[in-house]
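>>> Predicted model follows, preceded by the sequence.
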Amino acid sequence: MRKYHGLGAKAVAVAAACVLLAACGKEQKTVPGVTQTPDMPGQPTPGETQQPDMPKPQEPDSGQDIPGNADSEETDEERAQHTVVKDGQSGFLMYQGLCYELLDEETVRVSDYYDMEITKLSIPDTITYGDKTYRVTRVGENVFSYFYGLEQVVLGNNVEVLEESAFTGCSELTEVVFGTGLTQIGAHAFEACDVLAQISIPEGVTSIGSEAFCSCVSLYSITLPSTLLSLGDNMFFDCESLVSVSIPASVETIPFGLFTNCASLEEVQLAEGLLVIGQESFWACESLKSLVFPESLAVIGERAFYNSGLESITFPDKRVSVGDGIFDFCENIAKIYVTAETQEYYEDALDYELEFVVLQ
């Protein structure tokens, strides 16, 4: 009865009766044996059959979806906008667009989302359900991967781990604010976040996984903490806008392919404590002109500076194990700075026509 929506039941009945009377007002033929119905309704005459009452329009059931009337029963998603709700099937806790998985009696992790309109994501320190308060300690694997509308992420101070591919492919993500409790960033965590331009990893983080910032083509600045112990393979692969990086003293190994294809990389500071420069770690770093190796360095892997823009290198006052082809296709390299005690060693180890300059 959408046509009569808004009319009372009595008004609808009257309207229907008027339609019937209008039709009955036409001239009728007299049929033998049948008393003609009077033109206007009134008391029945002798011999006249009483017309039945018109049925009233049935009123909509209160459970129906009536246009213009709010549904009286909220969905779980609607209730979760103002209170924590437990989903009966998955067991996840739902609150303000996010789903939380119970890990133990004290902690939960963000495991899914149901609000597709989120642009600014804020992970709380805790959530409370019933009489229990849980710390939010993890963002789960692939949770926000390829969430194209996400622009800002703010992590609570209890978040310790970003699991693998947590924010992979968030192509509109421009800002990430980390909490104070973060210790681990998983592999591919921010891979292909195309417009992410700068990022500061907080103190307390000890490891960053492989390809964590791979193909972040707009990333030009990153700050690494003094607590960092390990970097993942190809972590900055194809970060073509990255200009400068300082490797903290706590990092002992620059892993395989760390800066591969970082075409804009001009400066890398290597601190005392570094032991290994891995294979292909500076592959095709076209803008990198010079490097000074720390005294602690012990090993340089194969093709470490393949096709880079290096013009000069300064070796420590010791013998460093040198892999094959470390300067292959480095067409601009001219001078190698060494000490008098190591000059002969490096002249034999480096099979290139180079000028060796003795440091005073």
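Okay, I see it.

>>> where's the nearest residue to residue 251 once chain neighbours are set aside relative to residue 250, distance?
Leaving aside its chain neighbours, residue 251 sits nearest to residue 228 (5.8 Å; criterion: C-beta to C-beta, 6 or more residues apart in numbering). No exception for glycine: its C-beta is placed from N, CA and C like everyone else's. Using C-beta to C-beta, to the nearest Å, one gets 6 Å for the distance from residue 228 to residue 250.

>>> tell me the domain ranges of this structure?
By the assignment in automatic domain parsing, the chain contains the domains 1-73, 82-242, 251-360.

>>> What's the end-to-end length of stretch 157-175?
One end of stretch 157-175 to the other measures 17 Å (C-alpha to C-alpha, to the nearest Å).

>>> can you give me the offset of it from its chain's centre?
5 Å (C-alpha atoms, centre = their mean, to the nearest Å).

>>> Ok, stretch 305-312 next?
35 Å.

>>> Could you measure from the closest residue to residue 177 other than its chain neighbours over to residue 176?
Excluding the flanking residues, the one nearest residue 177 by C-beta to C-beta, 6+ apart is residue 154, at 4.5 Å. Distance, residue 154 to residue 176, by C-beta to C-beta: 8 Å.

>>> now do residue 324
39 Å.

>>> Those two - which one has more neighbours?
residue 176 (21 against 10; other C-beta atoms under 10 Å).

>>> residues contacting that one?
152-153, 155, 167, 190, 196, 199 (C-beta atoms under 8 Å, 6 or more residues apart in numbering).

>>> How about residue 129?
Per C-beta under 8 Å, 6+ apart, neighbours of residue 129: 84, 86, 93.

>>> what residue ranges in the stretch 151-300 of the chain score low on pLDDT?
Counting by pLDDT under 70, the stretch 151-300 of the chain contains no low-confidence range.

>>> all helices of the protein, in order?
For the chain, the helices defined by DSSP state H occupy 9-24, 76-79, 343-349.

>>> Only the buried residues of stretch 335-355, if you could.
Within stretch 335-355, the residues that count as buried by 16 or more other C-beta atoms under 10 Å are 336-338, 342-343, 345-346, 349-350, 354.

>>> For it, give me every contacting residue.
With C-beta under 8 Å, 6+ apart, stretch 335-355 has contacts from 311-315, 317-319, 322, 326-327, 333-334, 356-359.

>>> can you do 6 Å?
Contact partners of stretch 335-355, identified using C-beta atoms under 6 Å, 6 or more residues apart in numbering, comprise 312-315, 317, 319, 322, 327, 334, 356-359.

>>> re earlier: between the helices of the chain, which gets the lowest average pLDDT?
Of all the helices of the chain, the minimum mean pLDDT falls on helix 9-24 (a mean of 36).

>>> Pairing partners for residue 321 in the sheet, please.
Beta-bridge pairing of residue 321 under DSSP bridges involves residue 299.
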